[in-house]
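Engineer: Could you work out the structure for the sequence below:
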Amino acid sequence: MPDLHMGEAVYRFQAEVISRVIPAGQPGNYVLGERNESGEFFPKLIGRSDTDVRSELLNKVGALQYAFFKFSNSGPRNAYDLECAQYHTFGRQLENKAHPVATPGSGNTCFLCGL
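Structural biologist: Below is the predicted model:
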């Protein structure tokens, strides 16, 4: 499977886990998904927050039915670039059907397709 560029750690998608492992008030990316019988992680939904990825994920607990997540912290531009790379790499298996949108006013475009 292609790399998500988020390290090896996979966590349970639970509020107490999110609060424990993700620092508050930092931008970054997240991937929600499932694991197969051999433990391999399969991404189903990608996203980012330009301000607080921890709060973004906490707001999704209970509303979305995934068992696992991965995350990374980075600045808004890098978070956008990673989200675009993940979208183009895993697009067919993702529930995300629309291309990621750049932060309004940032002038950023996707380095892979120019959107």
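Engineer: For this structure, which segments count as strands?
Structural biologist: 11-12, 28-35, 41-49, 68-73 (DSSP state E).
Engineer: Can you name the residues in contact with the first one?
Structural biologist: The one in question is strand 11-12. Strand 11-12 is contacted from outside by 17-18, 21, 67-71, using Cβ atoms under 8 Å, 6 or more residues apart in numbering. (Each C-beta comes from the backbone N, C-alpha and C, glycine too.)
Engineer: for the lengthiest helix in the chain, what is the average pLDDT?
Structural biologist: Across the chain, the helix with the greatest residue count (assigned by DSSP state H) is helix 76-90. The pLDDT scores in helix 76-90 average 96.
Engineer: residues in contact with the residue nearest the centre of the chain?
Structural biologist: In the chain, the centroid-proximal residue (Cα atoms, centre = their mean) is Y30; its distance is 2.2 Å. Residues in contact with Y30, defined by Cβ under 8 Å, 6+ apart, are 46-49, 53, 56-57, 69-71.
Engineer: before we move on, what about I18?
Structural biologist: By Cβ under 8 Å, 6+ apart, the neighbours of I18 are 11, 54, 57-58, 61, 69.
Engineer: In TSV: these, plus distance to S38 and neighbour count.
Structural biologist: Compiled in TSV, those are given as follows (distance: Cβ to Cβ, whole Å; neighbours: other Cβ atoms under 10 Å):
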residue	distance to S38	neighbour count
Y11	18	15
R54	29	20
L57	25	24
L58	29	15
V61	26	16
F69	19	27
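Engineer: Those: which two are farthest apart?
Structural biologist: Within the contacts of I18, Y11 and L58 form the most distant pair, 12.9 Å apart (Cβ to Cβ).
Engineer: and the end-to-end length of stretch 64-72?
Structural biologist: Stretch 64-72 has an end-to-end distance of 20 Å (Cα to Cα, to the nearest Å).
Engineer: just how off-centre is it within its chain?
Structural biologist: Computed by Cα atoms, centre = their mean, to the nearest Å, the chain-centroid distance of stretch 64-72 equals 8 Å.
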